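here is the input, now give the coordinates:
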Amino acid sequence: MLTSLAALSGVFDQLGLTPLDWLFIEGGVIAAYLVFAIAGFGTALVAGPVLIHFMPLSRIIPLLVMLDFLAAFSHLLPSRQSVVRAELLRMVPCMAVGCTLGVLFLLNLKSDVLLLMMGLFLIGYSIYSLAVKVRPTQLSAGWSIPMGTMGGLFGALFGSGGFLYAIYLNGRLTDKTQARATQNALISCSTIVRLSLFVITGVYAQVSLLVMAVCLLPAMLVGSWIGRRLVMRLSREMFVRLVTWMVLISGITLIGRYLAG
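Below is the predicted model:
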């Protein structure tokens, strides 16, 4: 027993985090899953800019994937009857290809390059979200190939390809319930693919990463619980717009960090 406690203490020492660091990290994760409960995506967009001050992006994404795996299925189960399986079958193969490419890039690119890429990604996503106010016109089924592939790529690299799935599905399905349920199903499939790839590549052999995921699990549950209650009182569009401004500021901050060296 004492040996196990000593080993666990050693793992926490390896993390090198102060109580104040843990406070910021837990707060970032709560905010991320609050957003996920309302918008259906965006955990890494919110938590990433906070966590990247304490660990490299190559650890952040696998960490959040473990938490996303649990959160996504909790959102999928109540709405699984509304999933449009035809759209799911179109998107999943393309998403799997994108996820595989994304994991390869994530594990082989330098951390400073990933920092720059994440900053550009956040800014690009934010500008698009703030600029595009009109619902996309009816998209053809062929758009599932680029949207699914890029969604998988961004999901593996930055932990959030969900906004691309949302653009595609909102341009294909007129029923919002079906679009949201199918999006949840796609994100659930994405977490399974990414989780499997990270297991195969040995990322989860790091005990400290698993310990940190366990420590952040309560924060994920709290954020999801708050989000489910807020979604009943607050306009989803209004909330997502506010979050998008936060993401834009975060992206600019990350670019500033990259330029500062």
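
ok, how many other residues are close to the closest residue in space to A96 that isn't next to it in sequence?
Nearest residue to A96 in three dimensions, chain neighbours excluded: V193, at 5.2 Å (CB to CB, 6 or more residues apart in numbering). Backbone N, C-alpha and C define where each C-beta goes, glycine included. Other residues near V193 number 22, with proximity taken as other CB atoms under 10 Å.

so V193: helix, strand or coil?
Following DSSP: H, G, I helix; E, B strand; the rest coil, the label given to V193 is helix.

how close does it get to L17?
Distance of V193 to L17, given as CB to CB, to the nearest Å: 30 Å.

do the same with C189
In this structure, C189 and L17 are 32 Å apart, going by CB to CB.

which ones are touching the residue nearest to A96?
M95, A96, C99, T100, G152 (CB atoms under 8 Å, 6 or more residues apart in numbering).

and the two most separated of those?
M95 and T100 (9.8 Å; CB to CB).

where in the stretch 1-150 of the chain is pLDDT low?
Along the stretch 1-150 of the chain, segments meeting pLDDT under 70 span 1-15, 75-79, 111, 133-137.

swap the cut-off to 80 and go again
Across the stretch 1-150 of the chain, the ranges flagged by pLDDT under 80 are 1-16, 38-42, 45, 57, 72-80, 109-115, 118, 129, 132-138.

follow-up on the earlier one: just the contacts of V193 now: which is nearest W22?
The closest of the contacts of V193 to W22 turns out to be C99 (CB to CB; 30.1 Å).

okay, now that closest one: neighbour count?
The number of residues near C99, taken as other CB under 10 Å, comes to 29.

phi and psi next, for it.
Per-residue torsions, C99: phi -60, psi -40 (degrees, to the nearest 10).

that'll do, ta.
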